[in-house]
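A.B. asks: coords please:
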Amino acid sequence: MANWQEMMPSTRAYMMNKVLYELHHKPDHLEAYNDDADAYLARFALPQDLADCIKGNDVAQMYLSGVNPYLLRAHCIGVKIPEDVSLAALRSLLNHEGYNNG
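C.D. replies: Here you go, the predicted structure:
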């Protein structure tokens, strides 16, 4: 299920939100991530596809994985994803099969 389409967030969504919250809200976490993203993400035992979408800055896939939009925005700012890039990724979802915009 896509972001905001579940009555109760999935375990995968919870894990993604936890990682992004800690990454951008706890002292020294962003520095640790920037030093060694693989080692940082290994702390959370994420499934590889989720770790890959964080490391690859796949904004659309993070959103579809259930990431809270505010945490996603903090991530984009924190890792310096240009706003036009992040917005284009989100706009690309408007015609995505799993996305329900209404």
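A.B. asks: which element is the closest residue to residue 68 other than its chain neighbours on?
C.D. replies: Closest residue to residue 68 apart from its sequence neighbours, by CB to CB, 6 or more residues apart in numbering: residue 17 at 5.4 Å. All C-beta spots, glycine's among them, are computed from the backbone N, C-alpha and C. Taking DSSP states H and E as the definition, residue 17 sits inside helix 11-25.
A.B. asks: that older thread, looking at it, the residue nearest to residue 68 is touching residue 67, isn't it?
C.D. replies: Yes. With contact defined as CB atoms under 8 Å, residue 17 reaches residue 67; the gap is 6.0 Å.
A.B. asks: The two: which has the busier surroundings?
C.D. replies: Counted by other CB atoms under 10 Å, residue 17 and residue 67 do not tie: residue 67 has more neighbours, with 24 against 19.
A.B. asks: what about the more buried one, which helix or strand?
C.D. replies: For residue 67, there is no helix or strand it lies in under DSSP H and E.
A.B. asks: Got the phi and psi for it?
C.D. replies: phi -70, psi 130 (degrees, to the nearest 10).
A.B. asks: what's the helix or strand hosting residue 51 in contact with?
C.D. replies: Per DSSP H and E, residue 51 falls inside helix 48-55. By CB atoms under 8 Å, 6 or more residues apart in numbering, the surrounding residues in contact with helix 48-55 are 12, 15-16, 19-20, 37-38, 41, 46, 58, 61-62, 65, 75.
A.B. asks: what's the answer for stretch 80-88, then?
C.D. replies: Residues outside stretch 80-88 that contact it (CB under 8 Å, 6+ apart): 57, 59, 72-73, 75-76.
A.B. asks: residues in contact with the residue nearest the centre of the chain?
C.D. replies: For the chain, residue 62 is the residue whose C-alpha lies nearest the centre (CA atoms, centre = their mean; 3.7 Å). Residues counted as contacts of residue 62 (CB under 8 Å, 6+ apart) are 16, 20, 53-54, 72, 75.
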